[in-house]
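# generate a structure from the sequence data that follows.
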Amino acid sequence: MIVKKIIQTLFVLLFIISQIIFNISCNSDVKKEQKDSSAISNNKYFKNFNITILLDLSDRISNKKNPGQFKKDIVFVNNVLDAFKSYLNSKGVVQSEDRIKVIFYPYSNYEVYQEIADSLDINFSTYDYPERKKLFEKISSIYNRQLNNLYAFASNTKSYPGSDLFNYFKHRIMDDCIIADSSFINLLVIITDGYLYDSKSKYQQGNRFSYLIPEANHIQIFRKISNWEEVFEKNDYGIINLNNDLSDLYVLLGEFNPVSNSPKDFDILKKYWSDWLENQKVKKDHYKILKTDINTLNRNVIFRFFNKIISQ
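Presented below is the predicted three-dimensional model:
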């Protein structure tokens, strides 16, 4: 009998101890859950992206001049789209009020351009919660179908007036790309070869220009000297300054493609663009310039850039 009572007492003690341990564990989990929830709610995972993809539809996409370039452009857009979707999936699609659109400048009179641009202007907040999930599942197919339609048309046109990126920054970027709301992350993606040209937009102020073309003297002179960066800064070379405040904007530039006989142009173009962006108050860690390259390499860089944006 004594042994039986001792065993019963031990069982009771073990039960009490196990309950105490269980309660401590539960309280710890609850506190951890509350802490994690607080950390997430203060994290940018609960912010919304406002993404603008600006396509350079100049002769860089001509099938005669650069066969296959439009395919590289579409791959680049898909990489951006995949990074965007990964972000949406992390925070929960039903919470999404994110926006993404594709534009080109100057705007064309071709009706097909406008129709495609309209179909690629997507605002998740305009959809009911169940519809957001459906949109998320089909957004890649929408983008691929319409971009293929766009490039099939644009890469075979008879004339290319150019892509007036200078005047886009001068007249449109503030309205198109920046939502003045702290709940949004503003990102501009520009797909271009890095050169700037429009037949109607050739200006010069001292050693600053509205255009960058391979044959321009303000590019050629830097190809011939080793201390070109020193000369660039000392003589105030660059793109004409604009009075934009783009401090709330992230910029990703892709598919920079220097002419084949002057690979040094990538560094020269990068210098011009970096100087221009920073003069418009884009922070140094808020922009990234990518040369056309193997898809896997650029894809990894794009995902890392998105992750850096989210973590800031």
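# look up how far residue 189 lies from residue 98.
Distance of residue 98 to residue 189, given as Cβ to Cβ, to the nearest Å: 14 Å. For glycine as for every other residue, the C-beta is placed from the backbone atoms N, C-alpha and C.
# to clarify, my last question referred to residue 80.
Going from residue 80 to residue 189 by Cβ to Cβ gives 6 Å.
# what residues are shared contacts of these two?
51, 53, 252 (Cβ atoms under 8 Å, 6 or more residues apart in numbering).
# closest to residue 230 among the residues you listed?
Closest approach to residue 230 among the shared contacts of residue 80 and residue 189 (Cβ to Cβ): residue 252, at 28.4 Å.
# which SSE is the closest one in?
Element membership of residue 252 [criterion: DSSP states H and E] is strand 249-256.
# and that strand, which strands flank it?
strand 184-191 (parallel), strand 287-291 (parallel) (DSSP bridges).
# which of these is buried the deepest?
strand 184-191 (a mean of 23; mean count of other Cβ atoms under 10 Å).
# which residues sit against the helix or strand just after that one?
Reading on from strand 184-191 to the C-terminus, the next helix or strand found by DSSP H and E is strand 197-198. Residues from elsewhere that reach strand 197-198, judged by Cβ under 8 Å, 6+ apart: 58, 106, 161, 162, 163, 164, 166, 167, 211, 212, 213.
# neighbour-wise, give me the winner out of those residues.
The most crowded member of the contacts of strand 197-198, judged by other Cβ atoms under 10 Å, is residue 163 (26 neighbours).
# who does that residue form a beta bridge with?
residue 197.
# right, and it touches residue 58 too?
Yes: using Cβ atoms under 8 Å, residue 163 is in contact with residue 58, at 4.4 Å.
# so where do the helices sit in the stretch 201-312 of the chain?
217-223, 228-234, 265-279, 295-311 (DSSP state H, counting those that start in this stretch).
# where along the stretch 101-250 of the chain do the strands fall?
Secondary structure of the stretch 101-250 of the chain (DSSP state E, counting those that start in this stretch): strands located at 122-123, 162-163, 184-191, 197-198, 204-205, 208-209, 238-239, 249-256.
# compare those strands and give me the one nearest residue 172.
strand 184-191 (10.8 Å).
# who touches that closest one?
So strand 184-191 is contacted by 44, 47-56, 73, 76-77, 80, 165, 173, 177-179, 248-255, 309-310 (Cβ under 8 Å, 6+ apart).
# for the closest residue in space to residue 148 that isn't next to it in sequence, pull up the helix or strand it's in.
Closest residue to residue 148 apart from its sequence neighbours, by Cβ to Cβ, 6 or more residues apart in numbering: residue 74 at 6.9 Å. Secondary structure assigned from DSSP H and E places residue 74 in helix 69-91.
# can you give me the angle that helix makes with strand 184-191?
Orientation check (axes from the mean of the first three to the mean of the last three Cα atoms, to 10 degrees): helix 69-91 against strand 184-191 gives 160 degrees.
# please state the offset of helix 69-91 from the chain centre?
Distance of helix 69-91 from its chain centroid, counting by Cα atoms, centre = their mean, to the nearest Å, is 9 Å.
# do the same with stretch 280-287
13 Å.
# what's the answer for stretch 173-193, then?
Distance of stretch 173-193 from its chain centroid, counting by Cα atoms, centre = their mean, is 9 Å.
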